[in-house]
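Visitor: here you go, sequence then predicted model.
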Amino acid sequence: MADTRRWVWLGGIVLLCGFVFLLHSILTPFLVALLLAYLFDPVVDRLEKAGMSRTWGVVTVFALFTLIITALVLILVPMLAKQLFRLYELAPQMLDWLQHTAMPWAQSKFGLADGFWKFDKVKAAISEHMDKTTDIVSVVLSQATASSLALIGWLTNLVLIPVVAFYLLRDWDIMMAKIRSLLPRDREERIVSLAGECHEVLGAFVRGQLLVMLALGVIYAAGLMAIGLELGLLIGLIAGLAAIVPYMGFVIGIGAALVAGLFQFGGDLYPMLGIVAVFMVGQALEGMVLTPLLVGDRIGLHPVAVIFAILAGGELFGFTGILLALPVAAVIMVLVRHVHDLYKDSDVYTGIDEPDL
C-alpha cells in the first residue's frame, strides 16, 4: 500500500510537470492572476474581519489596485519614456568615453594589446539601432499588430488576468478548504505543516521582499531626481527591481548612477557625493528599517537560490517558468530542509545500526 501511494504521488508530479510543459504558453495569465490572489488574500481577510463581505472586499481591493496602476501609468510612463530617449542620446557619448578614455587607460595600466576592443563596430551598430527607435510606442504597436492572432492573444491575456484573479480571490478560502479535505487523512497534519512552511517562505519573500524592492525604488528614484540626475527615475527603478537579490540593487544602481552623473555633471564633486549619499541612505534604511519591518525574522529564499531559480525557470519554460520559479524553489527548499533533518536522524548519518532481532 505504501509503495502504491508513492507511485501515485510520483505519477501526479510527473503529470503536473508535463501539463506545465505542454501548456506553458497559455498559463501566464492564470499564474499572474494566482500571484495577485495570493498577494491580496490577507488584505481581503482583514476587510472581512472588519465586517465587509468577501465579495465587496475583493471589489474594494481591485478598485484601489486599479486606481494605483492607472496613476502610475499616467505619471510614470511619460517620465520613463523621456528618460529612455535621453539614454538613447547619451549612449554614443558613453561609447566615445569608453573608447577614447576608459579603455586606453586600462590598456596602459594593465599592458593590454592594441585594438583588443572593437568599439567602432559596437558604436556603429548601436547608433544604427538608435536611429530606428525614434518612437517607442510605434515600435511596440507595430510588433503587437504584426499578427492579428498575436494581438488577439495579447488582449485576451490582458482581460483574463483581472477576471481570473477576481474569482480566485473571492473563492480563495473555499478552494484552500477543499484542497485540504482531499488530503490523505493520515498525512494531513504533515502536509499542512509543510504547506505552512512553504507559505512562510513565500510570504517572507514575495510579500516582504517585493515591498522592500518597491520602497527602495522610490527612495533611490526620489533621491537621484532631487539631486538633479537626468536618468534618476530610470536608474532608481532599475535599482529597486534588482534588489530582488540583496545588495545587487545597490551595486547596479550606484554604478549606473555614478556613470550617468559623470557624463551629466562632468565629475563635479558635490553631485557625485550626493549620488553616493542617496545609495548609502537607501542601504542603511533597507538594513535597519525596511527588511526588519516588512520581512522580519522569517526565513526567506537564499540569494543564490533566487538567481538560480529565475534563470532555470526562464530557460525551461520562458516567462511562465519565471513566474513558477520562486514558488517551486520555496517548496524545494522546505523539502530539502526536512530531508536534511531526516538524514541527520538516520542510521546512515549516525552510523548506529539497529540490532538484529
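Guide: Looks like it came in fine.

Visitor: what's the mean pLDDT across the one helix or strand residue 64 maps to?
Guide: According to DSSP states H and E, residue 64 maps onto helix 54-97. In this model, helix 54-97 has a mean pLDDT of 83.

Visitor: now do stretch 324-335
Guide: The average of the pLDDT scores along stretch 324-335 is 79.

Visitor: report the contact partners of the residue nearest the centre of the chain.
Guide: Nearest to the mean C-alpha position of the chain, counting by C-alpha atoms, centre = their mean, stands residue 244 at 6.0 Å. By C-beta atoms under 8 Å, 6 or more residues apart in numbering, the contact list for residue 244 reads 209, 213, 306. All C-beta atoms are positioned from the backbone trio N, CA, C, and that covers glycine.

Visitor: just the ones of the residues you listed in strands?
Guide: Of the positions in the contacts of residue 244, not one sits in strands, assigned by DSSP state E.

Visitor: need the nearest residue in space to residue 90, chain neighbours excluded.
Guide: residue 263 (6.1 Å; C-beta to C-beta, 6 or more residues apart in numbering).

Visitor: now do the strand or helix carrying the one you found, average pLDDT.
Guide: If you go by DSSP H and E, residue 263 is part of helix 248-265. Taken as a whole, helix 248-265 carries a mean pLDDT of 88.

Visitor: any idea of the angle that helix forms with helix 54-97?
Guide: Counting by axes from the mean of the first three to the mean of the last three C-alpha atoms, to 10 degrees, helix 248-265 lies at 50 degrees to helix 54-97.

Visitor: and the helix holding residue 64, what does it pack onto?
Guide: helix 2-49, helix 119-132, helix 136-144, helix 148-170, helix 232-242, helix 248-265 (3 or more C-beta pairs under 8 Å, 6 or more residues apart in numbering; DSSP states H and E).

Visitor: how far off centre is that helix?
Guide: 16 Å (C-alpha atoms, centre = their mean, to the nearest Å).

Visitor: helix or strand next in line after that helix, which one?
Guide: Following helix 54-97 in sequence order, the next helix or strand is helix 103-110 (DSSP H and E).

Visitor: and that next one with helix 54-97, angle?
Guide: Going by the same axes, to 10 degrees, helix 103-110 makes 70 degrees with helix 54-97.

Visitor: quick one: mean pLDDT for helix 103-110?
Guide: Rounded mean pLDDT across helix 103-110 is 72.

Visitor: give the buried residues for it.
Guide: Buried residues in helix 103-110, counting neighbours by 16 or more other C-beta atoms under 10 Å, are absent.

Visitor: ditto for stretch 269-288
Guide: In stretch 269-288, the ones that count as buried by 16+ other C-beta under 10 Å are 271, 272, 274, 275, 278, 279, 282, 283, 285, 286.

Visitor: and residue 55, what does it touch?
Guide: residue 170.

Visitor: start at 52 instead
Guide: With 52 as the first residue, the last one maps to residue 106.

Visitor: what's the distance between it and residue 230?
Guide: Separation of residue 106 from residue 230 (C-beta to C-beta, to the nearest Å): 21 Å.

Visitor: tell me the one of the buried residues of stretch 320-339 nearest residue 55?
Guide: Taking C-beta to C-beta as the measure, residue 55 sits nearest to residue 337 out of the buried residues of stretch 320-339, at 50.4 Å.
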